[in-house]
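Undergrad: this one's sequence-less:
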């Protein structure tokens with residue numbers, strides 16, 4: 001693996017930035033993580049093409065990451081390259097059919113605001129969900145009753161070595177917290193089917209959704225959001241709480257006393273602290289109920305990731 005060679009090639013040709021040994025705690029909502037060998041911001045499609053070609057040629061593994069709201073990076077860091085999308089992928093526009101065309105790097109909350117400012121309805125359910133639009137599409141972000149895949153008209157991706165791919169929303173299989181867009185492809189843009197709505201009604205729905213999240217979730221704490229997927233026919237938070245694990249702490253990582261499916265950084269947690277809490281929670285739920293909790297958070301730089 002020739003990280004130094006990849007850095008030397010990319011730093012002089014990309015419009016975006018290329019950083020070596022960049023500490024990932026600066027780029028995750030947990031504020032946790034050791035250094036990535038390379039941290040590359042791709043401002044254009046040409047940047048993505050060149051970066052993925054060079055990394056493949058030099059044998060450097062890479063991952064795509066948005067705002068790091070659903071990832072735990074190991075304390076040792078990641079030996080490959082982290083790619084993130086920049087300026088060209090933060091654009092938005094509304095067409096004559098009230099579809100919102102959004103770049104994958106735009107913050108989901110910014111997309112919601114832009115929709116509201118144009119009197120459009122359909123994204124109210126996502127108020128308070130962190131991260132980028134691309135991440136929301138990849139994870140089919142939503143609530144127990146609404147999810148973003150249900151309003152997707154089209155997704156545009158880039159498949160390294162092949163080029164642009166287009167998917168109609170109806171042709172994508174949308175599952176609970178995931179979809180079947182290949183993980184090897186980079187989501188660039190999406191078109192969301194929205195509708196014209198009464199401004200007061202949309203505002204009330206948004207305020208209600210945010211108030212509910214604030215009352216139920218520790219939005220003020222450093223976390224990655226929900227840690228575990230809900231098992232079929234039950235909620236992970238209820239299983240964890242019934243095991244008496246609210247407030248369970250390892251180092252500076254804690255099962256939130258407010259919502260048992262959140263593990264929060266009390267201020268100086270390490271990735272190992274969080275990982276140890278995750279393992280303990282899984283073990284206790286398995287022991288008491290025979291249920292295997294599946295982490296929703298993505299692990300980067302760990303031996304098994």
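TA: The structure has been received and is ready for your questions. As the structure is a computational prediction, the values presented were derived from the model and not from experiment.
Undergrad: Tell me how far residue 177 lies from residue 141.
TA: 8 Å (C-beta to C-beta, to the nearest Å). The way it works is simple: take the backbone N, C-alpha and C, and place the C-beta from them, glycine included.
Undergrad: Of those two, give the one with the bigger neighbour count.
TA: With neighbours defined as other C-beta atoms under 10 Å, residue 177 and residue 141 compare such that residue 141 has more, 23 against 17.
Undergrad: got the contact list for the more buried one?
TA: Contacts for residue 141 (C-beta atoms under 8 Å, 6 or more residues apart in numbering) come out as 108, 126, 129, 131, 135, 147, 148, 177.
Undergrad: repeat that with 7 Å
TA: Contact analysis of residue 141 by C-beta atoms under 7 Å, 6 or more residues apart in numbering lists 126, 129, 147, 148.
Undergrad: what do you get for residue 10?
TA: Applying C-beta under 7 Å, 6+ apart to residue 10 gives the contacts 18, 40, 51, 54.
Undergrad: Show me what the one helix or strand residue 109 maps to is in contact with.
TA: Secondary structure here is read from DSSP states H and E; on that basis residue 109 sits in helix 108-117. If you take C-beta under 7 Å, 6+ apart as the criterion, helix 108-117 is touched by 92, 100, 102, 123, 126-127, 129, 131-133, 136, 194, 202, 206.
Undergrad: What's the local residue count around the nearest residue in space to residue 80 that is not next to it in sequence?
TA: In space, residue 80 comes closest to residue 61 once its chain neighbours are excluded; the distance is 3.7 Å by C-beta to C-beta, 6 or more residues apart in numbering. The burial metric for residue 61, expressed as a neighbour count using other C-beta under 10 Å, is 12.
Undergrad: Same question for residue 303.
TA: Counted with other C-beta under 10 Å, residue 303 comes out at 7.
Undergrad: next one: residue 48
TA: A total of 24 residues lie near residue 48 under the criterion other C-beta under 10 Å.
Undergrad: neighbours around the residue nearest to it when sequence neighbours are not counted, how many?
TA: Closest residue to residue 48 apart from its sequence neighbours, by C-beta to C-beta, 6+ apart: residue 42 at 4.6 Å. Residue 42 is surrounded by 29 other residues when neighbours are defined as other C-beta under 10 Å.
Undergrad: same thing with residue 272?
TA: Residue 272 has 17 nearby residues by other C-beta under 10 Å.
Undergrad: helix/strand/coil for it?
TA: Three-state call for residue 272 (DSSP: H, G, I helix; E, B strand; the rest coil): helix.
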